[in-house]
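Q: Provided below for reference: sequence and predicted model.
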Amino acid sequence: IREAVATVDEGVYELDAKLDLVLPDAARRAVESGLTLRLTYEVTVNRVRRYMPDADVAALEQRYEVSYHALSQRYLVKNLNTGEQQDFGLLQSALDRISELRGLPVLDTALVTDGPVYEGRIRAVLGMNTAPDVFGWLLFWTDDWSAESEWKTWTLRP
């Protein structure tokens, strides 16, 4: 995660984030051959406490799938949270779409009080765990099909 910023819009903290997503050639070929790429953004918000563990305030996941539709020769991006689907002519265009979050609702401002410090964190988890049965045995023997980013942290200001 290269960048993460939360802003308030109409009483809701909304998150904008950018991910540097680089797929190895083998993973690109796997998507082109019919495997589904799954990207999950994990987001948490905690109230920072000095002498006790931080208190959980909110947690959510934003999930996407990228797959190749052979009949139309298009790459499909599906938002698994909303069901919204888009198609792209190039795999890189589909990856660019899922690499950027804009206006993701994270937390209602009513849940954040003045005084305490709140900290948000986001990370990306990438995998190809929805393989057809034909490829399932291959994924069992390789580690190259999944990755996760480091946590990116930002401060929420009530």
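A: All right, it came through fine.

Q: pretty sure Ala55 contacts Val45?
A: No: Ala55 sits out of contact with Val45 when judged by CB atoms under 8 Å, with a separation of 9.9 Å. Heads up, the C-betas are built off the backbone N, CA and C, glycines and all.

Q: Those two: who's more crowded?
A: Using other CB atoms under 10 Å, the more surrounded residue of Ala55 and Val45 is Val45, with 25 against 12.

Q: Okay, and the beta partners of that one?
A: Val45 has these beta-bridge partners by DSSP bridges: Ala58, Gly120.

Q: What are the boundaries of the helices in this structure?
A: With DSSP state H as the criterion, the chain has helices at 25-32, 91-98, 133-140.

Q: Where among these is average confidence lowest?
A: Mean pLDDT values for the helices of the chain show the minimum at helix 133-140, a mean of 49.

Q: From Ala30, how far off is Ala17?
A: Using CB to CB, to the nearest Å, Ala17 is found at 25 Å from Ala30.

Q: Ok, Asn46 next?
A: For Asn46 relative to Ala30 (CB to CB), the value is 36 Å.

Q: Neighbour count for the two, which is higher?
A: Taking neighbours as other CB under 10 Å, Asn46 and Ala30 compare with Ala30 leading, 23 against 20.

Q: Check the contact between the more buried one and Ser146; I expect there is one.
A: No: the pair Ala30 / Ser146 is not scored as a contact, 11.9 Å apart, by CB under 8 Å.

Q: Just name the shakiest helix or strand of this structure by mean pLDDT.
A: Using mean pLDDT, DSSP states H and E, the weakest-scoring helix or strand in the chain turns out to be helix 133-140, at a mean of 49.

Q: which intervals of this protein have sub-threshold pLDDT?
A: Low-confidence segments of the chain, defined by pLDDT under 70: 129-145.
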